[in-house]
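>>> Okay, predicted coordinates and the sequence, questions at the end:
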Amino acid sequence: MFKSVLRTTGSATSPRGGALPLDFDDVYARHFAFVWRCLRGLGISEVALDDACQDVFVVVHRNLPEFRSESTLPTWLFGIARNVASNHRRAIQRKQAPVVVLDEETAGAAHEGPGPLERAQDHEAAEFVQHFMDGLDEPKRALFVLAFLEESPIPDVAAALGIPLNTAYSRLRRLREDFGRALATREARRGGPP
Amino acid sequence: MNERWGDDRKLFAATRRAFSPTSADAARVRSQLDAVVRAAALVGGTIANDARDGHRTEAVASATPARQGDATPLATALRPWAGRLLALVAVGALSAGAGYRAGWHAGRTDGITSSGRAATANPAAEGTMPPTHGDAGVSARPPEATSSMPPKGLAAPSSRPTPRRRMTPEAPLATKESLIEELRVLRAVERALRDDEPAFALALLDELDRKIPAGHFVEERLATRTIARCARGDVPFGLDLGADFGERYPTSVYGLRVKEACAKTDPAAAGDESGRRLK
């Protein structure tokens, strides 16, 4: 069962409520996959993921000693990842670099456990979801990544994105409807469910 | 609707699996990250970029920046210390003594210096005091490098520096441009390895040895060279490339990658009379 990283709150807080120093190695080990997935979800292409991920953790490395648990660690990480992704997107737009779509090779490389059939199915699903996300503006995309892909609790999502809780709920409802319509259209074209 | 949403969640779970990194991804990014942090420590500070402040130099998301001659985040991360680096280099050059000359010369016999190890082995690299080249050359060199014989498992650089350049403390090492260039090329080498182009990676490393023979990142150069050679199927006479790297840098973050890359070559077949290369 997938457990959202945003649910691991309080990792930087002692039982008495005081701040504990966070170890960078530990943060990296526990949250690398989360950062990586978020960056992919936020539109970073496969070829730029190393750079983007590195940029995120460079910022983390610098600022971790000052991190005071004012928000959850994953929320903080997501905020950094969001800014890094934004910078990367701007750089790509300015350079007009080609957007690399998920191909079979890169999709296969993202897996270590499942077999070829499962990988192909995952790749197909990821391609569709990514295509849908590409049509969203940045705030909606961030919401989609955290709430749907990472399955984070909505109050945490709202806090991470800095929006009111009710706004988050209403946007999610519309997103879910839009996604349902996109999926229905796809199924109609294919003549059956995914 | 709930049933519909259940299907959607399966889609999201599948997407999450497809988006997840491998352990190799984590190790690769970590080793690159260590190089950046080490470079920052080398010039006496911590990384000063901050995406949250909006002061971060915009990252380049090009697929192959090194081949296009673009700056990389590695390079941009070092820009704030460009002036400080020059000052540190000046201090290092002034404080370098006989130990520097002897140590550096001994470590340079095959185009590789141990100065890069100072960033991790020398407490001065934490930013309180500049590391001197003398310290680096004497204390941080792997035991094997003290020999006057060329270290095992290293391809000879395509063009060796002249003796005069090797004995000159102000060699190419002593510029901020060389540090940035070295990082840029090493990143390109990483990309080449990731793209399964070991020959291209080796060509980049050879070119780097020629342009910057006295670089800071000895371990990174040797690690990537070893990985590339193993990926290419090199089986040098009487030498296990992976084991050789492991002996030189037993605690290297590249250790696992090197081991995996070289696992495909059979050291027992090294020096095979037929001279064949194993796949």
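Thanks, I have the structure now.
>>> Quick check: which ranges of chain B have low pLDDT?
B:1-6, B:40-174, B:265-279 (pLDDT under 70).
>>> Select the longest helix from chain A.
Criterion DSSP state H: the longest helix present in chain A is helix A:165-190.
>>> What distance do you get for the residue nearest the centre of chain A to A:Glu46?
Nearest to the mean C-alpha position of chain A, by C-alpha atoms, centre = their mean, lies A:Cys38 at 2.0 Å. Between A:Cys38 and A:Glu46 the distance is 14 Å, computed by C-beta to C-beta, to the nearest Å. Heads up, the C-betas are built off the backbone N, CA and C, glycines and all.
>>> Need the three-state assignment for B:Lys264.
coil (DSSP: H, G, I helix; E, B strand; the rest coil).
>>> Against which helices or strands is the longest helix of chain A packed?
Applying 3 or more C-beta pairs under 8 Å, 6 or more residues apart in numbering or on different chains; DSSP states H and E, one finds that helix A:165-190 contacts helix A:116-134, helix A:138-144, helix A:154-161, helix B:2-19.
>>> List the contacts of stretch B:252-262.
Outside stretch B:252-262, the residues within contact range by C-beta atoms under 8 Å, 6 or more residues apart in numbering or on different chains are B:24, B:27-28, B:30-31, B:34, B:219-220, B:223-224, B:226-227, B:230-231, B:240-243, B:245-246, B:249.
>>> what's around the nearest residue to B:Ala18 once chain neighbours are set aside, how many residues?
Of all residues not flanking B:Ala18 in the chain, A:Ala126 sits nearest, at 3.5 Å (C-beta to C-beta, 6 or more residues apart in numbering or on different chains). As a burial measure, A:Ala126 scores 24 neighbours (other C-beta atoms under 10 Å in any protein chain shown).
>>> Show me the shaky parts of chain A.
Using pLDDT under 70, the flagged stretches of chain A are A:1-21, A:68-71, A:92-115, A:191-194.
>>> let's see 80
Applying pLDDT under 80 to chain A flags residues A:1-22, A:66-72, A:89-119, A:121, A:189-194.
>>> Please identify which of the helices and strands packed on helix A:165-190 is closest to A:Leu42.
helix A:138-144 (6.3 Å; C-beta to C-beta).
>>> Any chance you could give me that closest one in CSV, C-alpha atoms only?
The C-alpha coordinates for helix A:138-144 follow below in CSV (Å, rounded to 0.1, in the frame of the first residue of the first chain):
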residue,chain,number,x,y,z
GLU,A,138,1.2,25.1,-13.2
PRO,A,139,-0.9,25.5,-10.1
LYS,A,140,-3.3,22.8,-11.2
ARG,A,141,-0.5,20.5,-12.1
ALA,A,142,1.1,20.9,-8.7
LEU,A,143,-2.2,20.1,-7.1
PHE,A,144,-2.6,17.1,-9.3
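>>> helices and strands around that helix, which ones?
helix A:73-95, helix A:154-161, helix A:165-190.
>>> Mind doing that once more with 6 Å?
Helices and strands touching helix A:138-144, as assessed by 3 or more C-beta pairs under 6 Å, 6 or more residues apart in numbering or on different chains; DSSP states H and E, are absent.
>>> Now that helix: buried residues?
For helix A:138-144, the neighbour count (16 or more other C-beta atoms under 10 Å in any protein chain shown) marks A:Lys140, A:Arg141, A:Ala142, A:Leu143, A:Phe144 as buried.
>>> and the residue nearest to the centre of chain A, what element?
helix A:24-41 (DSSP states H and E).
>>> tilt between whichever helix or strand comes after that helix and helix A:24-41?
Per DSSP H and E, the first helix or strand lying C-terminal to helix A:24-41 is helix A:49-63. Calculated by axes from the mean of the first three to the mean of the last three C-alpha atoms, to 10 degrees, helix A:49-63 forms an angle of 140 degrees with helix A:24-41.
>>> does chain B sit close to helix A:49-63?
Yes. Part of helix A:49-63 sits near chain B under the criterion C-beta under 6 Å from any C-beta of the partner chain, namely A:Asp50, A:Asp51, A:Cys53, A:Gln54, A:Asp55, A:Phe57, A:Val58, A:Val59, A:His61, A:Arg62.
>>> what about stretch B:235-249, start to end distance?
End-to-end distance for stretch B:235-249, by C-alpha to C-alpha, to the nearest Å: 20 Å.
>>> can you pull the buried residues of that stretch?
B:Val235, B:Pro236, B:Leu239, B:Asp240, B:Leu241, B:Gly242, B:Asp244, B:Phe245, B:Gly246, B:Arg248, B:Tyr249.
>>> got these as JSON lines, with secondary structure and distance to chain A columns?
Below are those laid out as JSON lines (DSSP: H, G, I helix; E, B strand; the rest coil; distance: C-beta to the nearest C-beta, whole Å):
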{"residue": "B:Val235", "secondary structure": "coil", "distance to chain A": "27"}
{"residue": "B:Pro236", "secondary structure": "coil", "distance to chain A": "30"}
{"residue": "B:Leu239", "secondary structure": "coil", "distance to chain A": "30"}
{"residue": "B:Asp240", "secondary structure": "coil", "distance to chain A": "27"}
{"residue": "B:Leu241", "secondary structure": "helix", "distance to chain A": "24"}
{"residue": "B:Gly242", "secondary structure": "helix", "distance to chain A": "22"}
{"residue": "B:Asp244", "secondary structure": "helix", "distance to chain A": "27"}
{"residue": "B:Phe245", "secondary structure": "helix", "distance to chain A": "22"}
{"residue": "B:Gly246", "secondary structure": "helix", "distance to chain A": "21"}
{"residue": "B:Arg248", "secondary structure": "helix", "distance to chain A": "23"}
{"residue": "B:Tyr249", "secondary structure": "coil", "distance to chain A": "18"}
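>>> Farthest pair within those?
With distances taken as C-beta to C-beta, the most widely separated pair in these is B:Val235 and B:Tyr249, at 21.0 Å.
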